[in-house]
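Student: just to be clear, the model below is a prediction. Sequence and coordinates:
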There are 2 protein chains.
Amino acid sequence: MTVHLKDIAAYTGVSIKTVSNVINGNYARVGPETRAMVLAAIEKLNYQPNIAARQLRKARVGVLAYAIPDIRNPYFTEVGDIMTRVAEEHKYTLLLDYTYGPRDPEPEGKIRYNDYAYGSLEKELSVIKGLRPHLIDGVILDPQALTIDDIKMEEVKGPLVLVGERLFGAPFDHVLIDNVQAAYQATNHLLAIGKRRIAVIGSQETQSQAPSLRTQGYSRALREAGIEVDESLLISGGYWHRSDGANAMRYLLSLENPPDAVFCFNDLMAMGALSVINAAGLSIPDDIAVMGFDNVEEGQYAYPPLSTVSPDKEEISRLAVTSLIGRIQGTRTQEPERILVPFELCIRASTMRNRANVQTPI
Amino acid sequence: MTVHLKDIAAYTGVSIKTVSNVINGNYARVGPETRAMVLAAIEKLNYQPNIAARQLRKARVGVLAYAIPDIRNPYFTEVGDIMTRVAEEHKYTLLLDYTYGPRDPEPEGKIRYNDYAYGSLEKELSVIKGLRPHLIDGVILDPQALTIDDIKMEEVKGPLVLVGERLFGAPFDHVLIDNVQAAYQATNHLLAIGKRRIAVIGSQETQSQAPSLRTQGYSRALREAGIEVDESLLISGGYWHRSDGANAMRYLLSLENPPDAVFCFNDLMAMGALSVINAAGLSIPDDIAVMGFDNVEEGQYAYPPLSTVSPDKEEISRLAVTSLIGRIQGTRTQEPERILVPFELCIRASTMRNRANVQTPI
């Protein structure tokens, strides 16, 4: 006997729509208990979704979108490049939906999470609501401006997977690295090479006014080394571009007691910092060591080559695309989860002089 | 009396479809004489196209696509970034349609124009045929793989504008700089600072087996200076990435008589070349001067900052988007034209030591 949606609905006492939502991974509209009950019934009754029929009914278009917050930041384009290839392996086309926009005005009395971000809240909202002007089956979003309060789950259209270090607590699969641990290890490396006055470029307060995850890891490492965090060395990164890193570095060099190391929260800002230190005739890493974050290709070719935190971009991209396709095709039915991807420290000559200056390109 | 399409068709003796093609700028399907006749009739009869009605009838979606050949090359993402903003000013959304692909196999006995290119012929063809899986009103294409022989005009879907230095002779608006002149001036600059043994990275033969435009400009400058072109100094650039520039530079340094300057046909390859020269402990520009092409932001922050040819990317992007919108809206009705955009030499410390090492960021 073939089991249909209506049989599961009758067995569990919920609507056919609810059963369908569970099968299609639209968990936003289904409470956890109902979801568990429906999934149990599916197993018990041995329901076999007719993939082909569902495919037709849902008129899938074979298109995914990666909502890319800043195409001028190579971290995002390197990830988008890999996602495009992974999507193609699965016969999907990946569109790049560029959500950059002017910074949104801050609502009265509220500090926006995107105090520094480049993503436009309006565009990110239109992405999750399916209002962008093209047909897509699902979205990968690296949220920059959105906060959990902005998301009305009943408005969310279709499967969505998050990447990056923001927007925790939303009921979507979320692929990311452990940012606290990564910053902790990077700071420990700077301590291990003898640096004591370590500045941060890219520090900012987050939605909750708590320090960002990376700032937390940095602070923990200092604390464990018995060094007090000097707030005057925590510099905001503006838009996290090269010019922001350069401006911040110029300011740090102008201090009466400048830092002996700088930890930039992305590689682009580190490129700006390197250029300012080089132009000042100071020695890297002896006078000032520089550590980045992202391992974009550009850092390998910098002078000196840039030490950095290297998230596994291949794995981030692959898991984001395959999780999304799993939700779209109904093969991924577990509750949304946070998927941690490995990272490693990539140590080059900007922190250790004896490292080869030019590494083998990836 | 309101003049309708059928009145113009009756007056000129062509079909209503042909009149419509002329008005909508679909010149691909209309010969030049017919076009001239219809345009004359439009003027004579004082035809006022009902923009709103046409808009409805054509179900425009307010979306343009920029077929971007390589999102890992910042030249394209910087242009895409500007195009996105210009499109928004005109109330259009710009999608990035990434046409990168594995190199196409070469048809028997034919040297492909894209001997080095990253764009996939198959994807570029599907872009111009409107087969990509989304609704768009028009396309901006930077062709890498397509040749004029690949284009069957009757298959071309909707308005199309070309950018970049390839695919001449196709009946589309084409926005570009004078590549011969740009390379000529860049080479003259290297000659002016006393260099005589100037290598090229990124040289390759084109479809017709003629030297590329940039190689032509380089050769002309050498010839005028009484220097013979040394074929052994013309190095292919592979995929024009940083690693290709680094590999080419390693090869050049291994020569018995290495060059005293290198002209890289894009900035990415120049970044690779700089890193190899720095790692070899040679002095830039005294031992080897380095000149790039594109003026991507990265070059400003290089060590030393990179001299380069700077195309007016703002103007390229603006003209590409507005020409395309003009074709879509029927306000641009002249024959397709080649639109030359200015460029300038941007001289920094990689060719002239006395230049400030860090320029003001754009």
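Tutor: Nice, I can see it. Here the structure is a predicted model, which is why all the values come from computation and not from measurement.

Student: count residues in the vicinity of the residue of the stretch 101-250 of chain A found nearest chain B, would you?
Tutor: Going by Cβ to the nearest Cβ, chain B is nearest to residue A:243 of the stretch 101-250 of chain A, at 3.7 Å. Every C-beta, even on glycine, is put in place using the N, C-alpha and C of the backbone. For residue A:243, the count of nearby residues is 18 (other Cβ atoms under 10 Å in any protein chain shown).

Student: so it, which state does it fall into?
Tutor: Under DSSP: H, G, I helix; E, B strand; the rest coil, the three-state class of residue A:243 is helix.

Student: I'd say it and residue A:275 touch.
Tutor: No - the pair residue A:243 / residue A:275 is not scored as a contact, 10.0 Å apart, by Cβ atoms under 8 Å.

Student: any weak-confidence spans in chain A?
Tutor: Per-residue confidence for chain A (pLDDT under 70) gives these ranges: A:1, A:24-28, A:32, A:43, A:48-60, A:101-120, A:126-128, A:130-135, A:205-211, A:355-362.

Student: what about the helices in it?
Tutor: For chain A, helices defined by DSSP state H occupy the ranges A:5-12, A:16-23, A:32-45, A:51-58, A:74-89, A:121-128, A:179-192, A:213-224, A:242-253, A:267-279, A:297-300, A:313-329.

Student: tell me the most buried of the ones you listed?
Tutor: helix A:267-279 (a mean of 28; mean count of other Cβ atoms under 10 Å in any protein chain shown).

Student: which strands and helices lie in contact with that one?
Tutor: For helix A:267-279, the packing partners by 3 or more Cβ pairs under 8 Å, 6 or more residues apart in numbering or on different chains; DSSP states H and E come out as helix A:74-89, strand A:198-201, helix A:242-253, strand A:261-264, strand A:289-293, helix A:297-300.

Student: so which residues on the stretch 201-350 of chain A come close to chain B?
Tutor: Applying Cβ under 8 Å from any Cβ of the partner chain, we find that the stretch 201-350 of chain A lies next to chain B at A:242-243, A:246, A:271-272, A:274-276, A:278-279, A:297-298, A:300-303, A:305.

Student: make it 10 Å
Tutor: Counting by Cβ under 10 Å from any Cβ of the partner chain, the stretch 201-350 of chain A comes close to chain B at A:241-247, A:250, A:268, A:270-281, A:284, A:296-298, A:300-305, A:349.

Student: gap between the two ends of stretch A:136-144?
Tutor: 21 Å (Cα to Cα, to the nearest Å).

Student: so does it get close to chain B?
Tutor: Yes - Stretch A:136-144 reaches chain B (Cβ under 10 Å from any Cβ) through residue A:136.

Student: list the buried residues of that stretch.
Tutor: A:136, A:137, A:138, A:139, A:140, A:141, A:142, A:143, A:144 (16 or more other Cβ atoms under 10 Å in any protein chain shown).

Student: shouldn't the fourth one be in contact with residue A:67?
Tutor: Just to be clear, that refers to residue A:139. Yes - in terms of Cβ atoms under 10 Å, residue A:139 counts as a neighbour of residue A:67; the distance is 6.0 Å.

Student: show me how chain A divides into domains.
Tutor: According to automatic domain parsing, chain A is divided into the following domains: A:5-56, A:60-177+A:312-331, A:179-310.

Student: contacting residues for residue A:140?
Tutor: Each residue near residue A:140 by Cβ atoms under 10 Å, 6 or more residues apart in numbering or on different chains is listed here: A:64-68, A:79-80, A:83, A:87, A:94, A:97, A:127, A:159-164, A:173, A:175, A:317, A:320-321, A:323-324.

Student: quick check: it vs residue A:319, distance?
Tutor: 10 Å (Cβ to Cβ, to the nearest Å).

Student: and for those two, which residues touch both?
Tutor: A:161, A:163, A:173, A:175.

Student: restricted to strands, list these.
Tutor: Among the shared contacts of residue A:140 and residue A:319, the ones falling in strands (DSSP state E) are A:161, A:163, A:173, A:175.

Student: need those in TSV (columns: neighbour count and distance to chain B).
Tutor: Below are those laid out as TSV (neighbours: other Cβ atoms under 10 Å in any protein chain shown; distance: Cβ to the nearest Cβ, whole Å):
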residue	neighbour count	distance to chain B
A:161	26	19
A:163	26	16
A:173	25	23
A:175	26	20
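
Student: which of those sits closest to residue B:181?
Tutor: Using Cβ to Cβ, the shortest approach to residue B:181 within those belongs to residue A:163, at 44.0 Å.

Student: ok, that closest one - contacts?
Tutor: By Cβ under 10 Å, 6+ apart, residue A:163 lies in contact with A:66-67, A:76, A:79, A:83, A:140-143, A:173-176, A:316-317, A:319-320, A:323, A:339, A:341.
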